[in-house]
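Asker: sequence? don't have it. structure:
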């Protein structure tokens with residue numbers, strides 16, 4: 001450059017003002033391959049490659065958008081996967097608890113069935129004893145309470161608390 005200036009202004013001129021300085025195309029970041037261009041030729045370059053620059057800018061914007069969308073999709077998939085794992089764990093815990101409660105209920109059912117069987121046997125024994133020791137009730141006879149023993153058909157003595165007798169006080 002043939003411009004004359006003070007020494008203290010030289011650095012600023014070379015860096016920012018000189019038309020012969022090398023500059024990068026403003027579309028370099030989106031893919032323009034022009035490495036270095038003189039500042040005085042930049043406007044001509046921008047006019048000549050206007051369509052290509054617009055296409056590069058659009059492609060870069062699309063790539064940026066696609067990257068951002070992919071990141072959002074990945075984040076959503078990770079959140080979804082975490083939720084699936086959380087729900088599977090909750091389901092597993094619920095199944096374990098249900099199985100434990102079922103086992104407990106089965107154990108209680110078994111205990112209740114044993115009690116019912118025991119009570120049924122006891123009732124059957126009492127019914128048998130009652131049938132063996134039943135007295136015929138004859139209207140008009142006096143019923144009195146006393147203690148004593150009776151023998152069943154097998155010669156076994158059984159306790160009897162009441163007997164129908166006439167005239168016993």
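Answerer: Good, I have the coordinates. All values reported here derive from a predicted model rather than from experimental measurement.

Asker: now for the strand or helix carrying residue 8, which elements pack on it?
Answerer: If you go by DSSP states H and E, residue 8 is part of helix 7-12. Applying 3 or more Cβ pairs under 8 Å, 6 or more residues apart in numbering; DSSP states H and E, we find helix 7-12 packed against no helix or strand. C-beta here means a position set from N, CA and C on the backbone, and glycine is covered the same way.

Asker: show the average pLDDT along that helix.
Answerer: The pLDDT scores in helix 7-12 average 73.

Asker: ramachandran angles for the residue lying closest to residue 28 once chain neighbours are set aside?
Answerer: Excluding its sequence neighbours, the residue lying closest to residue 28 (Cβ to Cβ, 6 or more residues apart in numbering) is residue 34, at 7.2 Å. Recorded main-chain torsions at residue 34 are phi -70, psi 110, according to degrees, to the nearest 10.

Asker: and for residue 34, the neighbour number?
Answerer: For residue 34, the neighbour count with other Cβ atoms under 10 Å is 14.

Asker: can I assume it is in contact with residue 46?
Answerer: No - look at residue 34 against residue 46 with Cβ atoms under 8 Å: they stay out of range, at 10.2 Å.
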